[in-house]
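Student: no sequence on this one, just coordinates:
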């Protein structure tokens, strides 16, 4: 799943796709690099992010979705707003990438897939001392409850996502990654997004003997390592900024790499 953030303030690539033309061209590059899905978002959900007005979010994402779908892409909409989800589906999106896992019934109503992601709190406050008694059990319980409800309502495709970095400490993130097999064992296909996230910056900084965090643009090694770990554990899809490198890593993990793909 390739990332298309049509936002000025996303943690990794905010402002790099300032308009529909640039975002559409980026989508074409991601498809050429091997993306199966293009995940279009118009509201940053990075820690500390403020909500975006509905009209602004729609203005950012709808032209991009329409153009990419017209070119044959499978597009998901990354949103928390029902009205944006409806408009995105009308524009051709066929999967709701639901930050907060609250739109399962809407996905069923619209006849599209649903990927429910766990988030504790809201983006503006979620990293202020997040707490769990048992992070794995609590995240799985919530996701399975919401996923079963979405399936019962008639959603044709249901995914779960542990929400790495969304209301979790670095230790929570590592614990969730260490127990991805428990998510896979639920029977729902698992989507994992670790690409360029802060806990990778901390780990990479530590590996370099530094007390600081490795900058966002220098986190490729950690992104690939965590993506390949997720795939080895049985994750059915990973969400990535660096699609070409991640596709090659997937080929290696799958044992299907060829001379042409190398």
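Tutor: Yep, it's here. Keep in mind that what you see is a predicted model, and the values were worked out from it rather than measured.
Student: how is this protein divided into domains?
Tutor: Domain ranges of the chain: 2-192, 194-262, per automatic domain parsing.
Student: could I get the average pLDDT for the shortest one?
Tutor: What that stands for is domain 194-262. Mean pLDDT, domain 194-262: 82.
Student: rewinding a little: tell me which of the domains of the chain sits most buried.
Tutor: Among the domains of the chain, domain 2-192 has the highest mean neighbour count (mean count of other CB atoms under 10 Å), at a mean of 20. No exception for glycine: its C-beta is placed from N, CA and C like everyone else's.
Student: and the pLDDT for residue 9?
Tutor: For residue 9, the model assigns a pLDDT of 48.
Student: actually, residue 131.
Tutor: Looking at residue 131, its pLDDT reads 88.
Student: ok but it is inside a helix, no?
Tutor: No - Residue 131 is assigned coil when assessed by DSSP: H, G, I helix; E, B strand; the rest coil, not a helix.
Student: for it, give its distance to residue 138.
Tutor: Relative to residue 138, residue 131 is positioned 10 Å away (CB to CB, to the nearest Å).
Student: got it, and residue 23?
Tutor: Computed as CB to CB, the residue 23 to residue 138 distance reads 35 Å.
Student: one more: residue 62?
Tutor: From residue 62 over to residue 138 (counting by CB to CB), the distance is 35 Å.
Student: now do the helices in the stretch 1-150 of the chain.
Tutor: 20-33, 54-70, 82-90, 104-110, 135-153 (DSSP state H, counting those that start in this stretch).
Student: residue 102 and residue 85 touch, don't they?
Tutor: No - counting by CB atoms under 8 Å, residue 85 is not a contact partner of residue 102; they are 10.3 Å apart.
Student: can you give me the strands in the stretch 151-262 of the chain?
Tutor: 158-161, 191-193, 237-239 (DSSP state E, counting those that start in this stretch).
Student: given the second one, what are its sheet partners and their directions?
Tutor: It refers to strand 191-193. strand 237-239 (parallel) (DSSP bridges).
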